[in-house]
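Enquirer: The sequence and its predicted three-dimensional model are supplied below.
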Amino acid sequence: MAGLLSAEAAYIAVPIVTLILGLIIGYLAQQSGFCSIGGMRDLFLFKHTRLFFGYLALILSSFVSYLIFSFIWTGAFPNFFWAIKKGFLTPIPGAPGGLSNWAYAILAIIGGFGLGLLGVLLGGCPLRQTVMGFEGNIKSIFFVVGMMVGAVIFHLVVAGWVISLFGG
Amino acid sequence: MMSKESTSKIKKLIRNPIFLGTLIGFFAAVSQALLFSAGGPEAYGFCVACHIRDLINDCINLITGKTVLAVAPISKNAVFPILTILGVMIGAFISAKLNKEFKIKTSSIKMYLIYFLGGVLVLIVALLLGGCPYRTALRFGNGDMIAFIGILSMALGVFVGVKIILKRMEKQMGEDK
C-alpha cells in the first residue's frame, strides 16, 4: 500500500486534505444545488436532467480519474479495476465486514432502496441536507444531527444485527 | 481585472452541477493518490455518510481513549479525524453568506423530529449500502458492481418516492376542490 505521501505524512495530511476538499465541495454544492437523489427525482418527476447529469458526471469523472491515476501511481490504486481484479460481485470494503457477496448484494438493494425513498420524501441526499442546513434551514440541521446519532446507533446496534443475520 | 464576460462565465461554471460532479470524481482520485498510505479503503475520497461516521466515532474513541466504535482504517490511523464534513459545512455557510443566500428557515417541532429521525434512518441505510450516493458513485467508477446494484436500487427507491409524492399531491388537489 503506497500512496504519493509516506504513511507518516499521510497520517498528518488526512484532516488537512479532507478539510480543503470539503470546503471546495461545500461551496460549489451550495452554488449549484448539487444533489444525487434530487437529480433522479427531477428526472422522474419533471424530466429535468440538470442535477442528474451532475451525478452521471461524477461517476464518469471518477472512472476516468481512477483510470488515468492508476497508470501514473500504481501504488495508490492497486485494485483498479475492481470487478476484474477482485471478482465480479465483490464489493469494495465499507459495509459491515466479513459477509458473503450475496449478503452485500442484498444489503446494497435494501440500503439503496431505503436511501432513495427516504431521500425523496425528506427532500435531499445527505450532502444536500448538510448544505441546506448551513444555508439556514433549521430542519436540515436536525437531519444532520440525526445522521451523527445514526452513525453511533449503526455501530452499536445495527451492525451486530446484520452480522448475526447474514454472517451465521 | 477580469472582464465582465469572463466573470459571468465563471459564475455559470460554478453553478453548473456537471462541473461539481466532475470535480468530486477528480478530487476523490487525488485524495486517494495522496492519502492511500494512511490506509484504505478504496473509493473513499468523498462520502457524506461514511465521513460523518468516521468523524463522530473517531471523536468518541479519542474522548474515551479506546476503540469503542468502528471507523475506516484511514481514520483509525490518522492523527486527527477526517474533516470533509466540517469543510462542507463551512464551505456551504461561506458560500451562502457571500452570495446573500443565507436565510434562517424555521419549522414546527414535529418537522424537526421527523427530520431528526429521518437523519438517523438515512445514515443507517447508507451504511448498509456501504456509503452515501457519492461514495456509491465512486465505488462504481472504481469497478464495484455491487455499487451499481445499489445505484439501480436507489433509483427504484426514488421512483417509488416520486409516486408517493404525486399521490399525496393529487389527494391535496382533490381536497382543495
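Expert: Right, received. Where do you want to start?
Enquirer: only C-alpha atoms for contact and neighbour calcs from this point on.
Expert: Will do.
Enquirer: Which residue is the nearest non-sequential neighbour of residue 42?
Expert: Since no chain was named, I'll use chain A. Take A:Asp42 and drop its neighbours on the chain: the residue closest to it by CA to CA, 6 or more residues apart in numbering or on different chains is A:His48, 5.2 Å away.
Enquirer: Please refer instead to chain B.
Expert: That would be A:Ile92: by CA to CA, 6+ apart, it lies 6.7 Å from B:Glu42.
Enquirer: now the helices: where do they sit in chain B?
Expert: Applying DSSP state H to chain B gives helices spanning B:4-14, B:17-35, B:48-64, B:73-77, B:84-98, B:109-129, B:133-141, B:145-176.
Enquirer: How many neighbouring residues does B:Ile109 have?
Expert: 10 (other CA atoms under 10 Å in any protein chain shown).
Enquirer: Look up how far A:Gly87 lies from it.
Expert: Counting by CA to CA, to the nearest Å, the gap from B:Ile109 to A:Gly87 is 49 Å.
Enquirer: for A:Ser140, same thing?
Expert: 39 Å.
Enquirer: Between these two, tell me which one has more neighbours.
Expert: A:Ser140 (30 against 14).
Enquirer: Contacts for the worst-scoring helix or strand of chain A on mean pLDDT, please.
Expert: None of the helices or strands of chain A scores lower by mean pLDDT, DSSP states H and E than helix A:82-85, at a mean of 86. Contacts with helix A:82-85, where a contact means CA atoms under 8 Å, 6 or more residues apart in numbering or on different chains, come from A:79, A:88-90, A:92, B:142-145.
Enquirer: repeat for stretch A:130-148
Expert: With contact meaning CA under 8 Å, 6+ apart, stretch A:130-148 is reached by A:26, A:29-30, A:126, A:129, B:49, B:52-53, B:56, B:88-90, B:92-93, B:96-97, B:101-107, B:111-113, B:115-123.
Enquirer: where in chain A is pLDDT low?
Expert: Residues of chain A meeting the criterion pLDDT under 70: A:1, A:168.
Enquirer: Of the contacts of stretch A:130-148, select the buried ones using a PyMOL command.
Expert: Of those, the buried ones can be selected in PyMOL as follows, counting by 16 or more other CA atoms under 10 Å in any protein chain shown:
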select buried, (chain A and resi 26+29+30+126+129) or (chain B and resi 49+52+53+56+88+89+90+92+93+96+102+112+115+116+117+118+119+120+121+122+123)
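Enquirer: Now for the residue most central in space within chain B: which residues touch it?
Expert: With distances taken as CA atoms, centre = their mean, B:Val48 lies nearest the centre of chain B, 3.4 Å away. With contact set as CA under 8 Å, 6+ apart, B:Val48 has these partners: A:126-127, B:84-85, B:131-132, B:134-135.
Enquirer: again with A:Ala10
Expert: Applying CA under 8 Å, 6+ apart, we find A:Ala10 in contact with B:34-38, B:78.
Enquirer: what's around A:Val157, how many residues?
Expert: 10.
Enquirer: One more: A:Leu5?
Expert: Per other CA under 10 Å, the neighbour tally for A:Leu5 reads 17.
Enquirer: Give me the neighbour count for the spatially closest residue to it that is not a sequence neighbour.
Expert: Ranked by CA to CA, 6+ apart and with sequence neighbours excluded, the top spatial neighbour of A:Leu5 is B:Leu34, at 5.6 Å. Counted with other CA under 10 Å, the neighbours of B:Leu34 add up to 23.
Enquirer: do the same with the one 5 residues further on
Expert: When counting by other CA under 10 Å, one arrives at 21 neighbours for B:Gly39.
Enquirer: For it, grab phi and psi.
Expert: phi 110, psi 150 (degrees, to the nearest 10).
Enquirer: Report the separation between it and chain A.
Expert: The gap separating B:Gly39 from chain A is 8 Å, by CA to the nearest CA, to the nearest Å.
Enquirer: and what of B:Ala126?
Expert: Using CA to the nearest CA, B:Ala126 is found at 6 Å from chain A.
Enquirer: same check, this time on B:Phe159
Expert: 7 Å.
Enquirer: Not counting its neighbours along the chain, what's nearest that residue?
Expert: Nearest to B:Phe159 is A:Phe44, by CA to CA, 6+ apart, at 6.7 Å.
Enquirer: Can you pull the phi/psi pair for that neighbour?
Expert: phi -70, psi -40.
Enquirer: hang on, isn't it packed against B:Val162?
Expert: Yes: counting by CA atoms under 8 Å, A:Phe44 touches B:Val162, with 7.2 Å between them.
Enquirer: When the two are compared, which one has more neighbours?
Expert: The residue with more neighbours, out of A:Phe44 and B:Val162, is B:Val162; 21 against 16, by other CA under 10 Å.
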